[in-house]
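A.B. asks: Structure for the following, please:
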Amino acid sequence: MCGRYTSTLSGEELGKYFAADEIADVEITPSWNIAPTQNVPIVLEKRDDRSRLVTTARWSLVPPFAESLTLKYPTFNARSETAAAKPTFRSAVVHQRALLPADSYYEWHTVGTTKTPHAVVHPDGELAFAGLYSWWRESPETEWVLTATILTMAAPDPIAWIHDRTPVILGAEDWGWWLDRSLDADQHFVDAAVEKSIPVASRLTAYPVNPIRGNGPELLRPANNASL
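C.D. replies: Residues are numbered from 1 along each chain as shown. So this is what the prediction gives:
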């Protein structure tokens, strides 16, 4: 978790929702089937003037010291319990924290050998995943690539039945705190984000959907007339 999610608001809509000061001149298109390494919308605080920016990043964080944009291990998620200690993520924890907007995410409920896809949603609608970002480039002659990851935590009881992990999801009252570049974050800071996320994540619900194929709003329709 989280390996697939949806984000369908436009750049303008995201700018309003997150009270952004600037929306980058990038393509932000609706997607009901976001996969790792695709470009996704993120919200961050700029280093120069600390204004809030909506832009896009490659979903799978690549640290500056990596030799390649493609790593040998997955980095689309970062465990909150160890993010501040892992070389891949620890420098990003300090000042490069982001929000990744989402409408919902997918999880597969496993019984025996059967895996049933579910859409995980929140009654308030839009979600803000706590994440980290990092810049990477192949050489001084090439363009910088912005990359990002989603922090995950142990799922609280109301949603743990479907999977033992869930994204760290922050309410609007904590967005500014999480993005604030003037705060030097460490593991205690990340732990505090998890604590703030528990009440939000505890209100998540899930319902079965059809196999996740293609990319359209029909992916969120309940399967077999399942009730919401």
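A.B. asks: Secondary structure element holding the nearest residue to residue 177 once chain neighbours are set aside?
C.D. replies: Spatial nearest neighbour of residue 177, chain neighbours left out: residue 183 (7.5 Å); criterion: Cβ to Cβ, 6 or more residues apart in numbering. For glycine as for every other residue, the C-beta is placed from the backbone atoms N, C-alpha and C. Here residue 183, judged by DSSP states H and E, is contained in no helix and no strand.
A.B. asks: Can you get me a residue count around residue 183?
C.D. replies: Using other Cβ atoms under 10 Å, residue 183 has 13 other residues around it.
A.B. asks: ok, now how distant is it from residue 135?
C.D. replies: Residue 183 is 20 Å from residue 135, where distance means Cβ to Cβ, to the nearest Å.
A.B. asks: quick one, strands of the protein?
C.D. replies: Secondary structure of the chain (DSSP state E): strands at 5-7, 22-23, 31-34, 39-45, 52-59, 77-79, 97-102, 104-111, 114-121, 127-136, 145-154, 165-167, 205-208.
A.B. asks: The ones you listed: which one's closest to residue 88?
C.D. replies: Nearest to residue 88, of all the strands of the chain, is strand 77-79, at 7.7 Å by Cβ to Cβ.
A.B. asks: for that closest one, packing partners?
C.D. replies: Strand 77-79 sits against strand 145-154, with contacts defined as 3 or more Cβ pairs under 8 Å, 6 or more residues apart in numbering; DSSP states H and E.
A.B. asks: shouldn't residue 84 be in contact with residue 92?
C.D. replies: No: judged on Cβ atoms under 8 Å, residue 84 makes no contact with residue 92 at a distance of 9.6 Å.
A.B. asks: circling back: pretty sure the residue nearest to residue 177 contacts residue 192?
C.D. replies: No: under the criterion of Cβ under 8 Å, residue 183 makes no contact with residue 192, lying 10.6 Å away.
A.B. asks: so where's this structure uncertain?
C.D. replies: Scanning the chain for pLDDT under 70 picks out 1, 225-228.
A.B. asks: In it, which residue sits furthest out from the middle?
C.D. replies: For the chain, the C-alpha farthest from the mean C-alpha position belongs to residue 141; by Cα atoms, centre = their mean, that distance is 29.9 Å.
A.B. asks: show me what contacts it?
C.D. replies: Contacts of residue 141 were listed using Cβ atoms under 8 Å, 6 or more residues apart in numbering, and none were found.
A.B. asks: For the nearest residue to residue 15 once chain neighbours are set aside, list each beta-bridge partner.
C.D. replies: Nearest non-adjacent residue to residue 15, counting by Cβ to Cβ, 6+ apart: residue 23, 4.5 Å away. Counting by DSSP bridges, residue 23 is bridged to residue 54.
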